[in-house]
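>>> Need a 3D model of the sequence below.
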Amino acid sequence: MAASPEVLWSAPPMTRCECAEMRFEEIPEKLARERLSLEDLGKRTGCGQTCTACLPDLKAFLASRR
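Now for the predicted structure:
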């Protein structure tokens, strides 16, 4: 029986939406200032909407800020 492959490397968490060129650090203030939901922000800016690769890390980032 072959041993299960181990994960030896994982990518660091994303810190920005590359598609919208927006740093995660900017987002909480923008959401509060403009009274937007994350979905509304995505509709306005494209953040998290184009390739969606940043969404898991963005959601984790926002959850850690609450």
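
>>> buried stuff in stretch 39-50?
Neighbour-count burial for stretch 39-50 flags 41, 42, 45, 47, 48, 49 (criterion: 16 or more other Cβ atoms under 10 Å). C-betas here are computed from N, CA, C, even on glycine.

>>> can you list contacts of the helix ranked longest in the chain?
Secondary structure of the chain per DSSP state H: the longest helix is helix 55-64. Helix 55-64 is contacted from outside by 13, 14, 15, 17, 24, 27, 28, 38, 47, 48, using Cβ atoms under 8 Å, 6 or more residues apart in numbering.

>>> what's the burial count for residue 28?
13 (other Cβ atoms under 10 Å).

>>> wait, isn't it in contact with residue 66?
No - here residue 28 lies out of contact with residue 66, judged by Cβ atoms under 8 Å, at a distance of 9.3 Å.

>>> Give me the nearest residue to residue 19, chain neighbours excluded.
With Cβ to Cβ, 6 or more residues apart in numbering as the criterion, residue 19 has its nearest non-adjacent residue at 3.7 Å, and that residue is residue 50.

>>> For the one you found, grab phi and psi.
phi -80, psi -70 (degrees, to the nearest 10).

>>> for residue 17, same thing?
Phi and psi for residue 17, reported as degrees, to the nearest 10, are phi -90, psi 110.

>>> That one contacts residue 52, correct?
No - the pair residue 17 / residue 52 is not scored as a contact, 9.6 Å apart, by Cβ under 8 Å.
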